[in-house]
Each structure stands twice: as C-alpha cells, then as structure tokens.
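**Student:** coords please:
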Amino acid sequence: MQEEIQKVLNRMCDPKEDEAYHFADKLGAMADEETKNHLITLVKGDNWEIAYLACRALSKTQWNEEALDAIFEAISDKKNKSVQGAFTQILEEFDLSERFVDIFRVYLFGNFKASTLAKDYLDSVEFDITPRTIRKAEKHWKHYLHNPEDEGSLILKKSEVEPMLQELKELFS
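**Tutor:** Numbering: from 1, shown residues only. This is a model prediction of the structure:
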C-alpha cells in the first residue's frame with residue numbers, strides 16, 4: 001500500500017501534472033496516519049501550491065482537527081500572506097463548527113480575499129459557541145482595535161463585529 005500512496009503523492013506534487021486535484025483527492029481517500037503526518041508537513045512547507053494540494057488531500061481524511069490546526073497555522077504564517085485566500089478557501093471542505101475563533105481571526109487579520117471568505121463562513125456556518133468562545137473572540141477583537149490596518153477597515157469591521165459579538169453574548173444572558 002505504501003508504494004501506491006507514494007506514487008499518488010508523487011503525481012500530486014508533480015508541477016507538470018494536469019490532474020493534481022484528482023491525485024490530491026485520491027491520496028486523501030487512501031491516507032493512513034503516516035500519510036496524514038506527511039501531508040501536514042507539506043502544508044507547513046515553502047511551496048504554497050503543494051501545501052494547498054496537501055490541504056485538499058487532508059480534507060478527504062478523517063483527521064479534521066489536526067488538518068485544520070495545520071491550515072490555520074499556514075494562514076497566519078507571514079510567508080503565506082499573499083496566498084492566504086487560497087488556504088482560507090479550502091476551509092469550505094472541512095467541518096468548521098468548532099473553529100469560530102480561528103475563522104474570526106482570519107476575518108480580522110487576513111488579507112482581503114481571506115477576510116472576505118472568513119466573513120462568509122462567519123455568516124453561514126453553524127458554530128458551536130460557548131461563553132469561552134465569545135471571550136476569546138473579544139480578546140482578538142480588542143487586539144484588532146489597538147492594531148487596525150487602516151481607519152476605513154476599522155469602521156467597516158466595527159459595524160459588523162460589535163453587533164455579532166453582542167448577539168452571541170445574548171445567547172447566554
């Protein structure tokens with residue numbers, strides 16, 4: 001089996017491969033623990049295109065939380081600032097219900113595409129919210145307020161975030 005996995009992995013990582021997405025999906029469907037660990041290493045690597053394909057492969061596995069940890073790490077890695085949107089887009093393939101705070105951080109601190117996609121997730125995903133989740137989100141919001149990108153985005157985000165946080169708090173009052 002490892003030989004077959006290695007062949008599929010090589011095809012996925014081949015820059016001349018036209019069917020790389022197909023091989024990423026195939027690899028995810030056949031992934032074992034060792035393959036998962038290798039894919040996570042690729043997500044953290046320096047080639048963002050291979051990292052993206054590794055994310056796609058991971059989305060087809062049972063390791064949702066470990067994969068998401070690696071992807072959110074890649075999103076916040078400064079070397080990926082220009083491609084954050086691609087990593088944020090692949091999140092649609094995962095169960096995000098436990099990841100409100102991570103999505104919220106991408107919304108606040110991501111580039112334009114990542115932030116826009118994160119806002120869509122915030123508006124459409126059914127999250128598991130607890131009082132602790134809200135406190136963590138408020139902590140990131142306060143950090144953002146003291147380090148905004150610019151005045152224009154601060155005004156826009158304030159108009160969206162403050163009602164959202166208020167609504168969440170009302171769930172527990």
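
**Student:** from the chain's centre, how far out does the lengthiest helix in the chain sit?
**Tutor:** Longest helix of the chain, by residue count under DSSP state H: helix 151-170. In terms of CA atoms, centre = their mean, to the nearest Å, the centre of helix 151-170 is found 21 Å from the chain centre.

**Student:** same check, this time on stretch 9-24
**Tutor:** 22 Å.

**Student:** sorry, back to before: residues contacting the longest helix of the chain, please?
**Tutor:** The contact list for helix 151-170, computed with CB atoms under 8 Å, 6 or more residues apart in numbering, reads 107-108, 119, 122, 129, 133-134, 137-138, 141, 144-145, 148. Where you see a C-beta, it was placed from the backbone N, CA and C, and this is true even at glycine.

**Student:** mean confidence for that helix?
**Tutor:** Confidence over helix 151-170, taken as the mean pLDDT, stands at 92.

**Student:** Then stretch 25-38?
**Tutor:** 95.

**Student:** What residues does Thr35 make contact with?
**Tutor:** By CB under 8 Å, 6+ apart, the neighbours of Thr35 are Ile5, Leu9, Leu27.

**Student:** Pull up the gap between the second one and Arg135, please.
**Tutor:** For Leu9, the distance to Arg135 (CB to CB, to the nearest Å) stands at 41 Å.

**Student:** the more surrounded of these two?
**Tutor:** Leu9 (22 against 11; other CB atoms under 10 Å).
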